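Engineer: any chance you could fold what I've pasted below:
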Amino acid sequence: MKDLSEIMRQAQQMQARLAEAQQKMEAIQAEGTAGAGLVRVRLRGKGELDALSIDPSLMAPGEAEILEDLIKAAHADARRRLEEAASEAMREATGGLAGMMPGFKLPF
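Structural biologist: Have a look, this model is predicted:
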């Protein structure tokens, strides 16, 4: 059995790696697209909208419903990509332990 000082040292190392991973996750950006790239959404680390790009061809009268659907789809795509990148950053920081914890959810 490991002595208490070794366990405490490992816990401090893990805490430092988790803090570093959180900083990396906040810096991550992910872009999602829809409509063959006609709509692009870029999200930052905690899911904040960073950029939205809409091709002018979608600004035509009567295209509002299509545009709304494409924005939602692009946002969902960006969110999925962001979660994948954040999960990978957490796996790297924890040496894969995060994937072994049932119910572990990222903070966003």
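Engineer: CA atoms only: put the helix or strand containing V41 into CSV for me.
Structural biologist: Assigned by DSSP states H and E, V41 belongs to strand 39-44. What follows is strand 39-44, C-alpha atoms only, in CSV (Å, rounded to 0.1, in the frame of the first residue of the first chain):
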residue,chain,number,x,y,z
VAL,A,39,-23.8,28.1,-42.9
ARG,A,40,-20.8,27.9,-40.5
VAL,A,41,-20.8,28.2,-36.7
ARG,A,42,-17.7,28.5,-34.6
LEU,A,43,-17.9,27.8,-30.8
ARG,A,44,-15.4,28.5,-28.1
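Engineer: what's next to that strand, contact-wise?
Structural biologist: 26, 28-33, 49-55, 58, 67, 70-71, 73-75, 77-79, 82 (Cβ atoms under 8 Å, 6 or more residues apart in numbering). Bear in mind the C-beta positions are built from the backbone N, C-alpha and C, glycine included.
Engineer: okay, now the sheet partners of the helix or strand hosting G32, with direction.
Structural biologist: Using DSSP H and E, G32 sits in strand 29-34. Sheet pairing for strand 29-34, assigned by DSSP bridges, gives strand 39-44 (antiparallel).
Engineer: out of the contacts of strand 39-44, which sit inside strands?
Structural biologist: The subset of the contacts of strand 39-44 located in strands under the criterion DSSP state E comprises Q29, A30, E31, G32, T33, L49, D50, A51, L52, S53, I54.
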